[in-house]
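3D model of this:
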Amino acid sequence: MTTMTIRDVSLFVKIIGQGYPLLLMHGGPGLDHTTLLPLEPLAERFTLVFYDHRCNGRSEGADVSTMTWENLTADADALRQALGFEQWAVLGHSFGGNVALEYALRYPHRVSHLILMDTCGDARWARDNAPELLARRGFSAAIVQDARRFYNGQITPDEFLPTALKLAKAYDYHPSFLYHPSLLALGYRLGLGPPMTMRPEALIFGGSRLLAGWTVMDRLGEIAAPTLVLAGRHDFLFPPEHQAILADRLPHARLELIEHAGHNPQIEQTAETIEVIQQFMATVDVVAVAN
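Residues are numbered from 1 along each chain as shown. Sure, this is the predicted structure:
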């Protein structure tokens, strides 16, 4: 684990493993790379590059107002150059998937494989559809309203963790505080892993500014990289019907749903999630060699 000066920021970076490079873009905004650490066993086959987006986690040196799509994607590509990779595979989870899509559109020749895990091509799904889906699943009107405010960035920094805790049971197939990223911070402080650094200001800016009106659905056809659309079947933020639309719009995509998992299959069904990713990478490599 280290920090690297990338453009105008100091990015927190963790690199492990050996083999073909795989960049991991974490979700949030407001969380950090620790939400993806369950994927560390992939290091047996790949060089894993974990990092915290600018204004997230332990990355420092820039005001939250600089968290734009242009900067987020330019940071990732400058990191690639600094590490000496011509191309790499890119995995994006949740908000990280939004960044991954923007990166694939802006730097198409640098992405050899694209893995989109529990994410979307249109912010409307989390901002509008997710609260409505919670209501249909029987959650209280108060929880539905909390979700609407949270995903639209209409909270204060002091409300970040309390609101996340209220929403925690919606995230997983087996509702449990142990699975929700916002509570992993507590577990890590008890010695169960590296501490998570949460940045409420990133969530607020992301929800209220960066993601407001964001969509790339009309541009998905431009992405030529082989793509795996991977999600927990019970995800309320980005449910199967959205994953099917996302995969259908991408020219070279395959859809895989993880049973008995919600928004974080890498935590709830770690072994199966890793197996699906490995199979996708192996299949694409075989096709590439054959051609």
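
residue ranges with poor pLDDT in this structure?
Counting by pLDDT under 70, the low-confidence segments of the chain come to 175-194, 284-291.

Which parts of it are strands?
Taking DSSP state E, the strands of the chain run over residues 2-6, 9-17, 20-25, 46-51, 88-93, 111-117, 227-232, 253-258.

Nearest to Ile155, out of those strands?
Minimum separation from Ile155 across those (Cβ to Cβ) falls at strand 88-93, 21.7 Å. Any C-beta I mention is one placed from the backbone N, CA and C, and that applies to glycine too.

And for that closest one, what's in contact with it?
20-27, 35-36, 39, 46, 49, 76, 80, 98-101, 103-104, 110-119, 266, 277, 281 (Cβ atoms under 8 Å, 6 or more residues apart in numbering).

before we move on, what about stretch 53-71?
Outside stretch 53-71, the residues that reach it (Cβ under 8 Å, 6+ apart) are 3, 7-12, 25-26, 28-34, 51-52, 72, 75, 96, 99, 102, 196-197, 199, 201-202, 205-206, 210.

ok, now with 6 Å
Residues outside stretch 53-71 that contact it (Cβ atoms under 6 Å, 6 or more residues apart in numbering): 8-12, 28-29, 32, 52, 72, 75, 102, 197, 199, 201-202, 205.

Kindly report the same for stretch 14-27.
Contacts for stretch 14-27 (Cβ under 6 Å, 6+ apart): 1, 32-33, 35-36, 43, 45-50, 85, 88-96, 99-100.

Can I get that stretch as CSV, trimmed to CA atoms?
The C-alpha coordinates for stretch 14-27 follow below in CSV (Å, rounded to 0.1, in the frame of the first residue of the first chain):
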residue,chain,number,x,y,z
LYS,A,14,-2.6,-1.0,-3.3
ILE,A,15,-1.0,-3.5,-5.7
ILE,A,16,-0.9,-7.2,-5.1
GLY,A,17,-0.5,-10.4,-7.2
GLN,A,18,1.1,-11.2,-10.5
GLY,A,19,-0.2,-11.6,-14.1
TYR,A,20,-2.4,-9.5,-16.3
PRO,A,21,-3.3,-6.2,-14.7
LEU,A,22,-6.8,-5.7,-13.3
LEU,A,23,-7.8,-2.2,-12.0
LEU,A,24,-10.5,-2.2,-9.4
MET,A,25,-12.7,0.9,-9.1
HIS,A,26,-14.6,1.0,-5.8
GLY,A,27,-18.2,2.1,-5.2
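
circling back: for Asp158, find the nearest of the strands of the chain.
Between Asp158 and these, the tightest spacing by Cβ to Cβ is seen for strand 9-17, at 24.6 Å.

Enumerate the positions of the closest one that are buried.
In terms of neighbour count (16 or more other Cβ atoms under 10 Å), strand 9-17 has its buried residues at Val9, Ser10, Leu11, Phe12, Val13, Lys14, Gly17.

ok, now stretch 138-150?
Phe139, Ile143, Val144, Asp146, Ala147, Arg148, Phe150.

returning to that earlier point: ok, of the contacts of stretch 14-27, which come out buried?
32-33, 35-36, 45-50, 85, 88-96, 99-100.

How much space separates the residue most central in space within the chain from Asn264?
For the chain, the residue nearest the mean C-alpha position is His93 (2.0 Å; Cα atoms, centre = their mean). According to Cβ to Cβ, to the nearest Å, His93 stands 8 Å off from Asn264.

Also Thr156?
Distance from Thr156 to Asn264, by Cβ to Cβ: 25 Å.

Could you check which of those two has the larger neighbour count?
Legend: neighbour count by other Cβ atoms under 10 Å for Thr156 and Asn264, higher for Asn264 (28 against 9).

re the thing from before, can I get the buried residues of strand 9-17 in CSV with distance to Asp63?
Below are the buried residues of strand 9-17 laid out as CSV (distance: Cβ to Cβ, whole Å):
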residue, distance to Asp63
Val9, 10
Ser10, 14
Leu11, 15
Phe12, 17
Val13, 21
Lys14, 24
Gly17, 33
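
So which of those residues is the closest to Asp248?
The nearest member of the buried residues of strand 9-17 to Asp248, counting by Cβ to Cβ, is Gly17 at 32.7 Å.

List the single closest residue to that closest one in space, sequence neighbours excluded.
If the residues on either side of it in the chain are set aside, Gly17 comes closest to Ala43, at 2.8 Å by Cβ to Cβ, 6 or more residues apart in numbering.
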